[in-house]
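Participant: Build me a model from this:
(chains A and B)
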There are 2 protein chains.
Amino acid sequence: MKVLIIGATGHVGAAAVRALEGKHELIRVGRSTNPSVDLDDPATIEALFTEVGDVDAIICTAGHVPFKPVTELTREDFESGFYGKTLAQLDLVRIGLPHVREGGSITLTTGVTARAAIPTGSAAAMASGAIESFVMAAAGEMPRGIRINVASPTVLESATHFHDFFPGFPPASDEAVGNLYRRAVESIDNGTTYVLD
Amino acid sequence: MKVLIIGATGHVGAAAVRALEGKHELIRVGRSTNPSVDLDDPATIEALFTEVGDVDAIICTAGHVPFKPVTELTREDFESGFYGKTLAQLDLVRIGLPHVREGGSITLTTGVTARAAIPTGSAAAMASGAIESFVMAAAGEMPRGIRINVASPTVLESATHFHDFFPGFPPASDEAVGNLYRRAVESIDNGTTYVLD
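Facilitator: Next up, the predicted model:
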């Protein structure tokens, strides 16, 4: 299958690449790759599909949210979390869907912050919870047999700079996280949130 | 307790009023009450608290989202759902929090669309899922012993014009839905999503 991986240079994206390379034709895309995409700018999503054409699967591991105590979150912070993590991925669904072949799939990414409280994590929770409920609801309305799922892993072993934010959370192996994306691409699942705690 | 109920003229708000009236001092607020508030305009939230002063509890049953098939949802629809249902309530939390007395509570509202797929419901799912995860994450960071919870009821018996959108979903009695708000106000729960299916 022809698989477009957005956010391929990040920790999660790299794990997805390792799980899928050699098995599928991968197009690895980030902000500074060629081709590139910046999910904060929907015009670059349009341009990306003009360049790469139709695909069998889209994987998105990109997105950003602010981390602040709830008492310090401003209206702009909530907007930043929504646009940076939620709408970024929904724009990709919206713009990418006509370019996904019949029977293909779209896989989004959230994380453990959607279901476990960590200090400064409430905007991240908001952004991820939005995606997980959206995927649950959207699955049954996807056209042409296209499936949509979301990988929601805990912190990765390789993302050591995040470990102190998740005390007592056993990190997941990069292999286990990568396998969530392989399963999403090669399974018949639709509307599933793959949880890895 | 002094309880501010926003959205008091809607079906869910009226159910909350019935569960709490006679037991607490209620301030019932909507877009066209006196005092009034329009959650789409944060300045009116500021003005509301200037008028009513400090309270023991805030209940929000207001919010609006677009209902469309996922293939027809535009970027503006997703923004409308976020601003109308998610950020509207988060603005209320942000602006109202300093006006909630020590040990008080804030109760938000989502609904069954956060966890059950219905046709045209994916933007509603997004908006409600965002609130439920936010509340889970924000609870432990709330200052001065203030609690935050969310009521997530299924369709109400009295909201008959919605029944056809939820085939096979047994409507909840207005009394049962109202009791979720009484429980949120009078319990020690924090970070809870009260599910009523």
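
Participant: alpha carbons only for contacts and neighbour counts from here, please
Facilitator: Noted.

Participant: Run the angle between the longest helix seen in chain A and helix B:122-138 for me.
Facilitator: In chain A, with assignment by DSSP state H, the single longest helix is helix A:122-138. With axes from the mean of the first three to the mean of the last three C-alpha atoms, to 10 degrees as the basis, helix A:122-138 and helix B:122-138 are set at 150 degrees to each other.

Participant: Check which element follows helix A:122-138 along the chain.
Facilitator: strand A:147-153 (DSSP states H and E).

Participant: What pairs with that next one, parallel or antiparallel?
Facilitator: strand A:100-109 (parallel), strand A:193-196 (parallel) (DSSP bridges).

Participant: Put together CSV for the ones you listed, with mean neighbour count and mean pLDDT on each row.
Facilitator: CSV is the format used below for the strands paired with strand A:147-153 (neighbours: other C-alpha atoms under 10 Å in any protein chain shown; pLDDT from 0 to 100):
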stretch, mean neighbour count, mean pLDDT
strand A:100-109, 22, 98
strand A:193-196, 20, 98
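
Participant: circling back: tell me what the longest helix of chain A is packed against?
Facilitator: Where contact means 3 or more C-alpha pairs under 8 Å, 6 or more residues apart in numbering or on different chains; DSSP states H and E, helix A:122-138 is packed against helix A:75-81, strand A:147-153, strand A:193-196, helix B:122-138.

Participant: Can I get these in a markdown table including distance to residue A:34?
Facilitator: A markdown table is the format used below for these (distance: least, C-alpha to C-alpha, whole Å):
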| stretch | distance to residue A:34 |
| --- | --- |
| helix A:75-81 | 26 |
| strand A:147-153 | 25 |
| strand A:193-196 | 30 |
| helix B:122-138 | 32 |
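
Participant: Can you say which of those is nearest to residue A:25?
Facilitator: For residue A:25, the closest of the helices and strands packed on helix A:122-138 is strand A:147-153, at 18.9 Å, according to C-alpha to C-alpha.

Participant: All the helices of chain A, in order from the start?
Facilitator: A:11-20, A:42-52, A:75-81, A:88-96, A:122-138, A:174-186.

Participant: For chain A, what lies in contact range of chain B?
Facilitator: Taking C-alpha under 8 Å from any C-alpha of the partner chain, the part of chain A that reaches chain B is made up of A:69-71, A:73-75, A:78, A:82, A:87, A:91, A:94, A:113-119, A:121-138, A:140-143.

Participant: Let's see that with 6 Å instead.
Facilitator: Residues of chain A lying near chain B by C-alpha under 6 Å from any C-alpha of the partner chain: A:114, A:117, A:122, A:125, A:126, A:129, A:130, A:133, A:134, A:137, A:138.

Participant: Would you mind measuring from the last one to residue B:99?
Facilitator: Looking back up the chat, that one is residue A:138. Separation of residue A:138 from residue B:99 (C-alpha to C-alpha, to the nearest Å): 38 Å.
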